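>>> build me a structure from this.
(2 chains)
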Amino acid sequence: MWDFLQTYGPRLFDGALVTSAQFVLAALVACAAALAAGLGRLSAFWPVRGLATVYIEIFRGTSLLVQLYWIFFVLPLFGVSLPKFEAGFLSVGLNVGAYGAEIVRGAIQAVPKGQWEASYALSMSPAKRMRRIILPQALVLMLPPWGNLMIELLKGTALVALISVPDLMFVAKQINGATFRSAEAFGAALLIYYILARFLITPAMRRLERVMARRLGRA
Amino acid sequence: MTFDWKWDFALEILPRLLRATLNTLMAAGAGYAIAMVLGLVFALALRSPWHLPRAVLREVLEFIRSTPLVVQIFFIFYVGPQVGITLSPWVAGMTAIGLHYSAYLAEVYRAGIEAVPRGQWEACRALNMTTRDSYVRIVLPQALPHAIPGMGNYLVGIFKDTPMLSVIGVTELMQAANSIGSETYRFLEPYTLVGVIFLALSLPTAGLVRLGERRLRRKLGL
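Numbering: from 1, shown residues only, chains lettered A, B, ... in the order given. Next up is the predicted model:
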């Protein structure tokens, strides 16, 4: 085990770095997509509502792997050629964003009616009302489910290995193919994923929850 | 290559994809059956009176839930033979998917069991029922309605995760699309059809789950 880590540790570390990069970029895509589609679902303008619904249903109704292959292999036929790295985090982000959109929508609808009425009474513009009153309160409500979603997102990034993005899973597969030390190769990968999820992402989300709650004076 | 959708090619590969869909459904069903049973075992074990095994099990389930299913599939498929258990892709895949989702279902069951009012337990004790009888005859039947929505969501989830089985060569939908793609160099039709088939199956199922949930809530007076 020790000699395994000495030989392959650096490569696993590089893989973990690629996984982390995929995670961060996919998380950004997911946040943007979730916010856009979540707000879109609540729009008074029906084409926007329809577009958001179609996006959410398509990405929640099919598998991430199907979406990944479609974006990587089929999209080029439409003239949109994405390199594998970009195709990877974009698919994962769009997939998770569709789940996030429902969280965003639910959280916005869960903001008490009085808050909406008060901002009407102060004759705030819709944009200002959303930005200053509704979204900050919705954010506190949506953070706990977002924490779970971020773990799902990390797990989703493992699939980008299947379009040859050299992430942790890809490195583990390569080491396994070269040495047949499957238990060590995949075991080490599983442990690293676990450490990322349990000791980095989860504590970070908890912390964010506390900070946001305090800023709203609800700690 | 440019965009040109060929209907005759799509129709030609459709039967092959639909046959593979049957495999996908079977994989999802078998995986779900394993997950349901194993999840119940875990949920009950999580309520055992021994402190240490409970803490260990909780951490193990957390581990299963927070690591990627694909890596778990590879792990079971490749490590199994090395410790003397040769697994066919099907068996390895079902085991991995069943184990993965059992960790989620254990949580669903646990929440369901905890939703049963304390008074029911106290009544069981007052009637001098054994723990086993209390679970089987009183608590679990009442926990089930609370667990059904979560169980339905994970049924759809397991269905959507079956394409990952293609990585170890289980001949399900994704694998069929991959082989069509590499035989004909056409990816547009197979991958698009796979997406459409998934949508056609998972949207109605998700709708049914939601409908059932609403009906159940009304029946329970929630």
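
>>> which helices and strands does the biggest helix by length in chain B pack with?
Counting residues, the longest helix in chain B under DSSP state H turns out to be helix B:7-45. In terms of contacts (3 or more C-beta pairs under 8 Å, 6 or more residues apart in numbering or on different chains; DSSP states H and E), helix B:7-45 is packed against helix B:51-66, helix B:89-114, helix B:140-161, helix B:173-184, helix B:188-220. C-beta coordinates here come from the backbone N, C-alpha and C atoms, glycine included.

>>> report the angle between that helix and helix B:188-220.
With axes from the mean of the first three to the mean of the last three C-alpha atoms, to 10 degrees defining the directions, helix B:7-45 sits at 40 degrees from helix B:188-220.

>>> before we move on, the earlier item: and of the helices and strands packed on helix B:7-45, who's closest to B:A10?
helix B:188-220 (4.5 Å; C-beta to C-beta).

>>> list the buried residues in the closest one.
Judged by neighbour count (16 or more other C-beta atoms under 10 Å in any protein chain shown), helix B:188-220 contains these buried residues: B:188-195, B:197-199, B:201-203, B:206, B:209, B:213.

>>> all helices for chain A, in order.
Counting by DSSP H, the helices of chain A are A:2-41, A:46-61, A:64-69, A:84-110, A:113-121, A:126-128, A:135-157, A:168-179, A:182-195, A:202-215.

>>> who wins for proximity to B:C124 among the ones you listed?
helix A:135-157 (33.6 Å).

>>> how about the CA coordinates for that closest one, as PDB?
The C-alpha coordinates for helix A:135-157 follow below in PDB (Å, rounded to 0.1, in the frame of the first residue of the first chain):
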ATOM      1  CA  LEU A 135     -33.500  36.300  -3.000                       C
ATOM      2  CA  PRO A 136     -31.400  36.900   0.200                       C
ATOM      3  CA  GLN A 137     -34.100  35.200   2.300                       C
ATOM      4  CA  ALA A 138     -34.600  32.500  -0.300                       C
ATOM      5  CA  LEU A 139     -30.800  31.900  -0.300                       C
ATOM      6  CA  VAL A 140     -30.900  30.900   3.400                       C
ATOM      7  CA  LEU A 141     -33.700  28.400   2.700                       C
ATOM      8  CA  MET A 142     -32.100  26.900  -0.300                       C
ATOM      9  CA  LEU A 143     -28.600  26.400   1.200                       C
ATOM     10  CA  PRO A 144     -29.200  23.100   3.100                       C
ATOM     11  CA  PRO A 145     -30.600  21.200   0.000                       C
ATOM     12  CA  TRP A 146     -27.800  22.800  -2.100                       C
ATOM     13  CA  GLY A 147     -25.300  21.100   0.200                       C
ATOM     14  CA  ASN A 148     -26.700  17.700  -0.800                       C
ATOM     15  CA  LEU A 149     -26.700  18.700  -4.400                       C
ATOM     16  CA  MET A 150     -23.100  19.700  -4.300                       C
ATOM     17  CA  ILE A 151     -22.200  16.100  -3.200                       C
ATOM     18  CA  GLU A 152     -24.200  14.800  -6.100                       C
ATOM     19  CA  LEU A 153     -22.300  17.200  -8.300                       C
ATOM     20  CA  LEU A 154     -19.000  15.900  -7.100                       C
ATOM     21  CA  LYS A 155     -20.100  12.400  -7.800                       C
ATOM     22  CA  GLY A 156     -21.300  13.500 -11.200                       C
ATOM     23  CA  THR A 157     -17.900  14.800 -12.200                       C
END
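
>>> near chain B at all, that helix?
Yes. On the criterion C-beta under 8 Å from any C-beta of the partner chain, helix A:135-157 is in touch with chain B at A:151, A:154-157.

>>> picking up where we left off before, now narrow the buried residues of helix B:188-220 to whatever sits close to chain A.
B:188, B:191-192, B:194-195, B:198-199, B:202-203, B:206.

>>> follow-up on the earlier one: show me how far the longest helix of chain B is from its chain's centre.
Centre-to-centre, helix B:7-45 and its host chain are 9 Å apart (C-alpha atoms, centre = their mean, to the nearest Å).

>>> so A:A161 sits against A:Q174, correct?
No. With contact defined as C-beta atoms under 8 Å, A:A161 does not count as touching A:Q174 (9.4 Å).

>>> more neighbours, the two?
A:A161 (28 against 16; other C-beta atoms under 10 Å in any protein chain shown).

>>> residues in contact with the more buried one?
A:167-170, A:173, B:70 (C-beta atoms under 8 Å, 6 or more residues apart in numbering or on different chains).

>>> and if we set it to 6 Å?
By C-beta atoms under 6 Å, 6 or more residues apart in numbering or on different chains, the contact set of A:A161 is A:167, A:169-170.

>>> so which residues on chain A come close to chain B?
Proximity of chain A to chain B (C-beta under 6 Å from any C-beta of the partner chain) is limited to residues A:61-63, A:65-66, A:69-70, A:73-74, A:77-78, A:151, A:155, A:158, A:169, A:182-183, A:186, A:189-190, A:193-194, A:197-198.

>>> going through those residues, which ones are buried?
Using 16+ other C-beta under 10 Å, the buried members of the residues of chain A next to chain B are A:61-63, A:65-66, A:69-70, A:73-74, A:77, A:151, A:155, A:158, A:169, A:182-183, A:186, A:189-190, A:193-194, A:197-198.

>>> what sits against the residue lying closest to A:Y193 once chain neighbours are set aside?
Nearest residue to A:Y193 in three dimensions, chain neighbours excluded: B:T67, at 4.4 Å (C-beta to C-beta, 6 or more residues apart in numbering or on different chains). Residues counted as contacts of B:T67 (C-beta under 6 Å, 6+ apart) are A:190, A:193-194.

>>> low pLDDT regions in chain A?
A:218-219 (pLDDT under 70).

>>> so which bits of chain B are right by chain A?
B:1, B:3, B:63, B:66-68, B:70-71, B:74-75, B:78-79, B:160, B:163, B:187-188, B:191, B:194-195, B:198-199, B:202-203.
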